[in-house]
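Asker: Whatever this is, show me its structure:
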Amino acid sequence: MPSCPRCEAPTEEDDRYCGQCGAPQTEDAAEELDEYVQRQAQQVAGGGGGGNTPDGGGSDFAPTADLSDREQLWRRGCYVVGYGTIVVALTLVPAIGSFLLILGGIAILPPIRRLTAEPLGSPLKREVMAGLYAVLALIGILLFVLF
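Answerer: Numbers count the residues shown, from 1 in each chain. Sure, this is the predicted structure:
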């Protein structure tokens with residue numbers, strides 16, 4: 001009776017994968033697993049499936065290498081402004097306006113477009129996200145100054 005090369009558990013002759021650890025037992029199974037892992041990595045990186053949808057305002061779904069310099073600058077700026085706003089707001093947490101600043105900082109982050117795209121049917125344009133950030137940040141700052 002053969003055994004798994006990884007965990008040495010007993011296996012059958014016709015097993016493609018180990019029943020204990022899941023390791024491939026044949027070359028075909030190893031190639032199949034490798035192809036599956038590569039497809040999953042492409043999907044996570046944003047390079048596969050239906051994730052690359054142009055929306056008129058540039059796509060935050062494409063891998064960074066596929067973006068123009070202007071789109072990369074926009075994405076990096078959104079990260080800097082978003083995380084910077086969140087950090088500043090966290091230092092002001094007892095103030096009532098800090099919660100709106102935190103929401104504004106979260107709203108401008110590029111991954112939020114991806115997260116809102118599925119329930120809304122399509123991603124919000126970058127300008128809408130920037131506008132939402134501006135409104136929340138201004139209200140937060142006004143509340144902070146007034147109270």
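Asker: count of residues packed around R76?
Answerer: Residues near R76, counting by other CB atoms under 10 Å, number 12. Glycine gets a C-beta too; all of them are placed from N, C-alpha and C.
Asker: Need phi/psi at it.
Answerer: phi -60, psi -40 (degrees, to the nearest 10).
Asker: same deal with S122?
Answerer: When read as degrees, to the nearest 10, the backbone of S122 gives phi -160, psi 150.
Asker: Just say helix, strand or coil for the nearest residue to Q25 once chain neighbours are set aside.
Answerer: In this structure, Q25 finds its nearest non-sequential neighbour in D15, 5.2 Å apart by CB to CB, 6 or more residues apart in numbering. Counting by DSSP: H, G, I helix; E, B strand; the rest coil, the backbone at D15 sits in coil.
Asker: what's the answer for the one 4 residues further on, then?
Answerer: Per three-state DSSP, the local secondary structure of G19 is coil.
Asker: my guess is it contacts A9, does it?
Answerer: Yes - if you go by CB atoms under 8 Å, G19 and A9 touch, sitting 6.9 Å apart.
Asker: what's the burial count for the residue nearest to Q25?
Answerer: Neighbours of D15 using other CB under 10 Å come to 15.
Asker: L73 now?
Answerer: 11.
Asker: Quick check: it vs I141, distance?
Answerer: L73 is 25 Å from I141, where distance means CB to CB, to the nearest Å.
Asker: quick one: Q38 is in a helix?
Answerer: Yes - judged by three-state DSSP, Q38 forms part of a helix.
Asker: Which pLDDT value does the model give V80?
Answerer: pLDDT for V80: 92.
Asker: where's the residue nearest the centre of the chain, which helix or strand?
Answerer: With distances taken as CA atoms, centre = their mean, the residue of the chain nearest its centroid is P111 (4.9 Å). Element membership of P111 [criterion: DSSP states H and E] is helix 110-120.
Asker: Just the buried positions in that helix, please.
Answerer: 110, 112-113, 116-117 (16 or more other CB atoms under 10 Å).
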